[in-house]
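Peer 1: Sequence and predicted structure are below.
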Amino acid sequence: MGENISDYSQNIVDLRRHMWMDGVEVELRRLIWQIAVVGKYISAKIHESNRKLAGFKNIYGEEQLALDRVSDDILKSKLHHSGFVSHYASEELDDIVAIGNGKEKYIVTADPLDGSSLVDTNLAIGTIIGIHKNSIFDCGRNSMVAALYITYGPLITMIYSAGKGAHEFVLDREGEYVLSEENIRLKEKGSIFSPGGLRRDWTDAHLKFIDKLESDGYKLRYSGGFVPDINQVIIKRGGLFTYPALKKSPQGKLRLLFELQPMAFIVEQAGGRATDGKEDILSLKVASVNQRAPIYIGSAAEVAMAGEFLSQSL
Ligand code: F6P
Ligand code: MN
């Protein structure tokens, strides 16, 4: 005998109920909920685009905006009307913008559609959100109160942390975000690695570190999308993602504010670590919205090992 509907609704823990049970402050939980709802709209736009990223046409032959711009517009407009957000900073905009009356508690950062160049290949893509208090021009450890990311894959999943662990939800067919993993904990050491950048551009120290992971039997897992690659490390309970300093770009590729800080916040809450090879990502002070940093993120043992290899090069 299967469960009947009333058993189902009694046992189910959805996102709102979880945040309430978790003691997340009321405005913050409303904000996180609204962002999760935006994930549903973005996913609808991904479907509508029929795997074309930019300059696609609708059925009437009208030009549509690029998918990343559309995602950004939906998010910005929803946050503007939320009443909880004073400023919004996004990878799609040149600078932080005021979207409230200045009295609201939160500042939101977004990578509205991470990995959007994978849309045509039908690989997973995502949305990354950081939620800050006071100012984003500080280190994440002082300013961040929550972070979340949504993965648009065969399923739509969402992981959030409001500073009390990291929790995963799956969007079900009724449109509810249902709790699937509470208090995710990474193991001390994993068995997969995800290295960004070209081998010929890596520093000698980074090359030696990656050689060591390979000779230790770590399996390669790199899709070219930050969200699915980090998600894999988190869901498999360990391993490492890195996009290192490159010879020609010592700050690497990924953005501190939009990509690295939110993921560092979540991974730390899951018992992992995130550094630039030396300092914790959440200890780096943000001086500009487009600041980049190298990243080593995942389970504690591999991140520590990266630090040892990089310090030997000095
Ligand atoms: O947002 C930047 C991004 O697309 C990430 O999602 C991804 O991890 C990385 O760049 C991929 O870079 P590359 O194409 O150099 O491997
Ligand atoms: Mn991105």
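Peer 2: All right, it came through fine. Ligands and ions are numbered 1, 2, ... in the order given.
Peer 1: so what pLDDT did the closest residue to ligand 1 within the stretch 151-300 of the chain get?
Peer 2: Of the stretch 151-300 of the chain, the residue with the smallest distance to ligand 1, taken as C-beta to the nearest ligand atom, is Phe226 at 3.5 Å. Backbone N, C-alpha and C define where each C-beta goes, glycine included. According to the predicted model, the pLDDT of Phe226 comes to 98.
Peer 1: ok, so what distance separates it from Glu48?
Peer 2: Relative to Glu48, Phe226 is positioned 24 Å away (criterion: C-beta to C-beta, to the nearest Å).
Peer 1: Tell me, how many residues neighbour Arg141?
Peer 2: A count of neighbours around Arg141, defined by other C-beta atoms under 10 Å, yields 16.
Peer 1: OK, contacts around the spatially closest residue to it that is not a sequence neighbour?
Peer 2: Leaving aside its sequence neighbours, Arg141 sits nearest to Leu282 (C-beta to C-beta, 6 or more residues apart in numbering; 4.3 Å). Contact criterion C-beta atoms under 8 Å, 6 or more residues apart in numbering gives 139-141, 144, 261, 264-265, 268, 274 as the residues in contact with Leu282.
Peer 1: coming back round to it: spit out the contact partners of the residue of the stretch 151-300 of the chain closest to ligand 1.
Peer 2: Counting by C-beta under 8 Å, 6+ apart, Phe226 makes contact with 111, 114-115, 126, 128, 241, 243, 254, 259, 263.
Peer 1: Keep only those of these that are also close to ligand 1.
Peer 2: Among the contacts of Phe226, the ones lying close to ligand 1 by the criterion of C-beta under 6 Å from any ligand atom are 114-115.
Peer 1: Mind checking which of the contacts of Phe226 land in strands?
Peer 2: Counting by DSSP state E, these place 111, 114, 126, 128, 241, 243 in strands.
Peer 1: Pretty sure the first one sits against Ile125.
Peer 2: No - using C-beta atoms under 8 Å, Asp111 makes no contact with Ile125, being 10.3 Å away.
Peer 1: before we move on, back to that, which pLDDT value goes with the residue nearest to Arg141?
Peer 2: 98.
Peer 1: For Asp211, the count of nearby residues, please.
Peer 2: Residues contacting Asp211 under the criterion other C-beta under 10 Å number 11.
Peer 1: mind checking the SS state of Glu214?
Peer 2: Under DSSP: H, G, I helix; E, B strand; the rest coil, the three-state class of Glu214 is helix.
Peer 1: Per-residue pLDDT of it, please?
Peer 2: Glu214 is assigned 98 on the pLDDT scale.
Peer 1: That one and ligand 2: what is the separation?
Peer 2: Shown here: Glu214 relative to ligand 2, a distance of 26 Å by C-beta to the ion, to the nearest Å.
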